[in-house]
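J.: show me the folded form of this:
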Amino acid sequence: MTRTALVVGASGIVGSATAALLLEKDWTVHGLARRPVEQAGVLPVAADLQDAAATAVALKDLKPDAVFITTWLRQDTEAENIRVNSAMVRNLLDGLRPAGSVRHVALVTGLKHYLGPFEAYGKGALPQTPFRESQGRLDVPNFYYAQEDEVFAAAKRDGFTWSVHRPHTVIGKAVGNAMNMGTTLAVYATLCRERGRPFRFPGSAAQWNGLTDMTDARQLARQLLWAAATPEAANEDFNIVNGDVFRWSWMWGRIADWFGLQAAPFDGTLRPLEDQMRDDAPVWQQIAEREGLTERNLSRLASPWHTDADLGRPIEVVTDMGKSRRLGFLDYQATDDAFIDLFERLRADRLIP
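T.: Numbering: from 1, shown residues only. Next comes the predicted model:
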């Protein structure tokens, strides 16, 4: 394999980490987004993947060896999620087909493969944990499955290999991302400190007391690159987490300490961040103006709905990594260090005070 990559969703949490790792490994990196942002070393490609004709035009001169699909568009219903996100994958791969250069396609999905889509999240029969790739698909419509099917069909047609990667909640730096727990918690902690509010865990007792894991975006990027370069990993699906487990009853105190806060006692009451932060946009703007922060729009930093969905689950969620470990992927990342590193990067970039 030569070393030209197309990262789809290059400005997002996963895409930006993947592009950075590829550049570090001396790949030529093209970064596709609807509205590309400047990223050192990344060659921008502007394309709306919902528009097949425009996508084909945007891709006509590209000849990537590896494609990393790290983006999706949230819709109001799962039926719309399926329609829109499967079409985006199909339009992308159709647009790349004429060049005939693609050797490998990696698709990033997530643990909703096992938990079900947001409409059925944590409802009905609860899945068995730890999640293993051998559990297969649920008998419910899921846009992750539709995305996979588009990749599988194109791989069969065009002769490239594929890999599917299922992270748990991703920790990483991006602005304007729809699912961003790390930055959401950093903003929430800053608001609690500013307003003198208790720093309360917003989720369920099952999450507070149970075991869980998470995925640093850089850990995911390492697995993406490993799978693209490892013949034994071809045409396989992989879970990807940091490799440690923790309880939020411990992690919450670690986060509080970094922000100079006292973690409030947890009494088992759900206090969703979406409710707690509903009226905080003007407060954040005041903080940003006073401290000279680079982003004054709270909605571009925080995604309370997504953090609530993860922290409100009624079951503990842990993920088995045995499949990729057996094939040689042995990387590890401590999750508390991942949070702290993110907070330090957010402060260095003047996104939090």
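
J.: how about residue 42, nearest residue that isn't a chain neighbour?
T.: residue 31 (4.1 Å; Cβ to Cβ, 6 or more residues apart in numbering). Yep, even glycine has a C-beta here, placed from its N, CA and C like the rest.

J.: parallel or antiparallel, list what pairs with the helix or strand harbouring the one you found.
T.: With elements taken from DSSP states H and E, the one containing residue 31 is strand 28-33. According to DSSP bridges, strand 28-33 forms sheet pairs with strand 4-8 (parallel), strand 42-46 (parallel).

J.: packing partners for the helix or strand following the first one?
T.: What that stands for is strand 4-8. Scanning the chain past strand 4-8 towards its C-terminal end, the next helix or strand to appear is helix 13-24 (assignment: DSSP H and E). Counting contacts by 3 or more Cβ pairs under 8 Å, 6 or more residues apart in numbering; DSSP states H and E, helix 13-24 is packed against strand 4-8, strand 28-33, helix 217-229.

J.: which stretch among these comes nearest residue 163?
T.: Of all these, it is helix 217-229 that lies closest to residue 163, at 4.0 Å by Cβ to Cβ.

J.: what about residue 163, helix or strand, and which?
T.: Assigned by DSSP H and E, residue 163 falls within strand 161-167.

J.: give me the next element, helix or strand, following that strand.
T.: For strand 161-167, the following helix or strand on the C-terminal side (DSSP H and E) is strand 170-171.

J.: now do the helix or strand that that following strand is followed by: everything it contacts.
T.: Per DSSP H and E, the first helix or strand lying C-terminal to strand 170-171 is helix 181-195. The list of residues contacting helix 181-195 from outside it, by Cβ atoms under 8 Å, 6 or more residues apart in numbering, reads 169-174, 177, 197-199, 214, 255-256, 258-261, 273, 276-277, 280, 283-284, 287, 298, 301-304, 306-307, 310, 338-339, 342-343, 346, 351-353.

J.: out of those residues, which are buried?
T.: Neighbour-count burial within the contacts of helix 181-195 applies to 169-174, 177, 199, 214, 255-256, 258-259, 261, 273, 276-277, 280, 284, 287, 298, 301-304, 306-307, 310, 338-339, 342-343, 346, 351-352; the criterion is 16 or more other Cβ atoms under 10 Å.

J.: out of the helices and strands packed on helix 13-24, which one sits most buried?
T.: Mean neighbour count, computed with mean count of other Cβ atoms under 10 Å, is highest for strand 4-8 among the helices and strands packed on helix 13-24, reaching a mean of 27.

J.: the strand holding residue 163 pairs with which strands?
T.: When pairing is defined by DSSP bridges, strand 161-167 lines up against strand 104-108 (parallel), strand 236-240 (parallel).

J.: any stretches of this structure with poor pLDDT?
T.: Counting by pLDDT under 70, the chain contains low-confidence residues at 1-2, 120-125, 178.

J.: just give me the longest helix of it.
T.: Selection of the longest helix in the chain by residue count, based on DSSP state H, yields helix 78-96.

J.: so how far is that one from its chain's centroid?
T.: On the basis of Cα atoms, centre = their mean, to the nearest Å, helix 78-96 sits 18 Å off its chain's mean C-alpha point.

J.: just checking, what packs against it?
T.: Applying 3+ Cβ pairs under 8 Å, 6+ apart, one finds that helix 78-96 contacts helix 52-59, strand 66-69, helix 143-158.

J.: now the helices: where do they sit in the stretch 251-353 of the chain?
T.: Secondary structure of the stretch 251-353 of the chain (DSSP state H, counting those that start in this stretch): helices located at 273-276, 281-291, 304-311, 322-326, 335-348.
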